[in-house]
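K.L.:
Based on what follows, work out the 3D shape:
(4 chains)
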There are 2 protein chains.
Amino acid sequence: MAAKNKSTRRIKTAKIADVARVAGVSVATVSRALAKPGMVEAATRARVVAAAKRLGYTPNVAARNLRARRSNMALVVVPNIGNAYFGELLRGIDAALTRRGYGLIIANLDLTSTRDNSPDHEERYVDLAAAGQVDGVLLLNGYVPKGPVRTMLDARVPIVAVGERIRGAKFPQVEVDNRAAAREAVEHLVGLGHKRIAYLSGRPRSHLDSARRSGFRDALTTGEGLEWTGDYYFASGVAAAEAMLRGKPRDWPTALFAASDEMAIGFLKTVLAAGVSVPRDMSIIGFDGIDYARFSDPALTTVVVPRRQIGETAGEMLADLMAGSGDVPAHVRLATELRVRGSTGPAPR
Amino acid sequence: MAAKNKSTRRIKTAKIADVARVAGVSVATVSRALAKPGMVEAATRARVVAAAKRLGYTPNVAARNLRARRSNMALVVVPNIGNAYFGELLRGIDAALTRRGYGLIIANLDLTSTRDNSPDHEERYVDLAAAGQVDGVLLLNGYVPKGPVRTMLDARVPIVAVGERIRGAKFPQVEVDNRAAAREAVEHLVGLGHKRIAYLSGRPRSHLDSARRSGFRDALTTGEGLEWTGDYYFASGVAAAEAMLRGKPRDWPTALFAASDEMAIGFLKTVLAAGVSVPRDMSIIGFDGIDYARFSDPALTTVVVPRRQIGETAGEMLADLMAGSGDVPAHVRLATELRVRGSTGPAPR
DNA sequence: CGCTCGGGCGCAATCGATTTCATAATAAAT
DNA sequence: ATTTATTATGAAATCGATTGCGCCCGAGCG
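P.N.:
Numbers count the residues shown, from 1 in each chain, chains lettered A, B, ... in the order given. Take a look at the predicted model:
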């Protein structure tokens, strides 16, 4: 008979009892030696650690989570993981959470300019991720998804919202002062002598967009304001430019304030291709401060949102909450910075 | 006496036994009714489902994972989550994995141009994430991290590598034919009459870089080849340009092939600012095909890597492996596409 | 009409840690 | 020297599901 070589599907992995046996102590002691070093004598601990190392012991996390009722994982709900804006936010979140000992589970809603969110699709996504039984949730998407997250909210699982404010929510939020930032941006244009200024919006009716729109209106006390509808994405910047170009030049604004850099760049490229000179004929200003805003030609004037810092702050707040700290500020506002580059200049006369 | 209002820290949540009681069946039946519908009578199942819904029952994942020895989670090790290149890859991975019922845990090594990876830092990161006890691992970083991942490899946890080939690895890999793609790119330059061409490298000694370098040499059968060292990041493109500009113009190449779009763009912006005309004086070609390659002026000619597709393919392969399917191809190569845009043109004479 | 077969269901073992409670050993106090 | 406080350790309960095994009962078969 040939040797039995039916591949052993399951590899035996050392468990705590094995370590206990090798170290000559009880499982309780092993657990303590590894988790709370202060509670066990140095010599004993050394034996345990040695045994664990020799056996290649790794605690079974499922068992630990079950008993301890914690997972040391946070769920991050993000509209689109491929987006440069969220990418930087994620880096900050990851830095803070990792520093505090938490892992990251990502629920990517994968919203794009062409695919909007359908609640069931979304629920399925989040469901899956939330199934990881997380200790806390970070919402980057501006609302509380149905399903598990809602349940977790009821179950008092800590939640922190980032960027978008969530109406009526009782959990902490981190954002920038969008209204003031927008006002500052538009005032920059007004200061350059622009009178006819357009606002290219983000996703309408969101808090983010309303705030920026308000700031736009605040600054435009005189002159004429046009309000166009966009959705933050590149394509809507292109579309807005094309629509404008189809109209009569004398109806064109002399400056554009876009609610995102992506749209601003789409708009810029399109009008440039049509022979419009920027900033001589038209000034353009964006919002977000993504890296690529520097790469356009002319480089884009923009409102820099401290995404990394926002992410870190939110991550720290969530970590505090998960650790049981009660005194977390309800609302944190970080400062933006208007970065003037080549895409804005004096109004044409 | 005042009512005891010491906030109930832990909210009671329905467990399977509660559902069983309400539905008037055993816990075993509840488990089966919810997990394997075929095994239980329709009427019974309906009662169980109704009871579960009424109680707002959600299975405790830790318990399930412990018993079933699965977590339905995959670990993704990514060099830098904020990077546009990896962002798109992640979208593909997420799409495939979610479709197949797996959640995503991210281990972000957070490598940047200025921060290189230190093994311990890295191990800590991955450790934390791996602690989620995942069913499979996706490596986007070109090597097997020490610690948990290595252990998992030994324990036969499925692993799939993406992009970078990992030397001597026994697990499947998904990539593009970097050598052929690089050759095609450089041949494009040669075809335009360029004789003196420079290669701006990625992180030296990586498989990715060696392959592209080889392709560069393959195509450069005649003429002169310069080889400069970069690291894929924007700043190294700038640095390379500055170094070149410090030299005598007659030593300059007439064309540059950069191992990444970011470097190409950094280089492009820098030489442009110095008064060099592109593509009249110098042609530039990048690698990757990131969205922002279109935004530069002139738009960047580049080798488009099907990142989304790579991600989906790798995700599917890992899902197959996790599901126990043995017949997964050992090596998948996807096609690249040379996209010619404005940054390349005939060699100056 | 008796026997086998199998679908539907329940009992109880099991997964692998953490943690309470009790106990033994040691140090401190009187 | 005896009591008390302190500390280190062990025994066993516990977290909440999944699943092997076996029972019951009705259908199919000879």
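
K.L.:
Run through the residues that contact the residue in the stretch 151-300 of chain A positioned nearest to DNA strand C.
P.N.:
Nearest residue of the stretch 151-300 of chain A to DNA strand C, counting by CB to the nearest atom of the strand: residue A:157, 17.6 Å away. For glycine as for every other residue, the C-beta is placed from the backbone atoms N, C-alpha and C. Counting by CB atoms under 8 Å, 6 or more residues apart in numbering or on different chains, residue A:157 makes contact with A:134, A:135, A:136, A:137.

K.L.:
Need the max-distance pair from these.
P.N.:
Farthest-apart pair in the contacts of residue A:157 is A:135 and A:137; separation 8.9 Å (CB to CB).

K.L.:
When those two are compared, which one has more neighbours?
P.N.:
residue A:137 (28 against 23; other CB atoms under 10 Å in any protein chain shown).

K.L.:
and that one, backbone torsions?
P.N.:
The phi and psi values for residue A:137, taken as degrees, to the nearest 10, are phi -130, psi 140.

K.L.:
Confirm for me that it is in contact with residue A:78.
P.N.:
No. Contact criterion CB atoms under 8 Å: residue A:137 and residue A:78 do not qualify, at 11.5 Å.

K.L.:
Which positions in chain A make contact with DNA strand C?
P.N.:
With CB under 7 Å from any atom of the strand as the criterion, chain A meets DNA strand C at residues A:13, A:15-17, A:27-28, A:30-32, A:34-35, A:57-60, A:63-64, A:66-68.

K.L.:
cutoff 6 Å now
P.N.:
A:15-16, A:27-28, A:31-32, A:35, A:59-60, A:63-64, A:66-68 (CB under 6 Å from any atom of the strand).

K.L.:
Please produce a markdown table containing those, extended by secondary structure, neighbour count and pLDDT.
P.N.:
What follows is the residues of chain A next to DNA strand C, written out as a markdown table (DSSP: H, G, I helix; E, B strand; the rest coil; neighbours: other CB atoms under 10 Å in any protein chain shown; pLDDT from 0 to 100):
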| residue | secondary structure | neighbour count | pLDDT |
| --- | --- | --- | --- |
| A:15 | coil | 16 | 93 |
| A:16 | helix | 19 | 95 |
| A:27 | helix | 14 | 96 |
| A:28 | helix | 11 | 95 |
| A:31 | helix | 19 | 96 |
| A:32 | helix | 18 | 95 |
| A:35 | helix | 12 | 91 |
| A:59 | coil | 17 | 91 |
| A:60 | coil | 16 | 92 |
| A:63 | helix | 17 | 94 |
| A:64 | helix | 20 | 93 |
| A:66 | helix | 20 | 94 |
| A:67 | helix | 12 | 94 |
| A:68 | helix | 12 | 92 |
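
K.L.:
Max pairwise distance over these: which two?
P.N.:
Farthest pair in the residues of chain A next to DNA strand C, by CB to CB: A:32 and A:66, 18.3 Å.

K.L.:
Out of the contacts of residue A:157, the closest to DNA strand C would be?
P.N.:
residue A:135 (13.2 Å).

K.L.:
OK, contacts around the closest residue to residue A:223 other than its chain neighbours?
P.N.:
Spatial nearest neighbour of residue A:223, excluding adjacent residues (CB to CB, 6 or more residues apart in numbering or on different chains): residue A:195 at 3.7 Å. Residue A:195 sits next to A:222, A:223, A:224, A:254, A:347 when contact means CB under 8 Å, 6+ apart.

K.L.:
next one: phi and psi at the nearest residue to the third one once chain neighbours are set aside?
P.N.:
Counting by CB to CB, 6+ apart, residue A:224 lies nearest to residue A:196, which is 4.7 Å off, once chain neighbours are set aside. Dihedral angles phi and psi of residue A:196 (degrees, to the nearest 10) take the values phi -110, psi 100.
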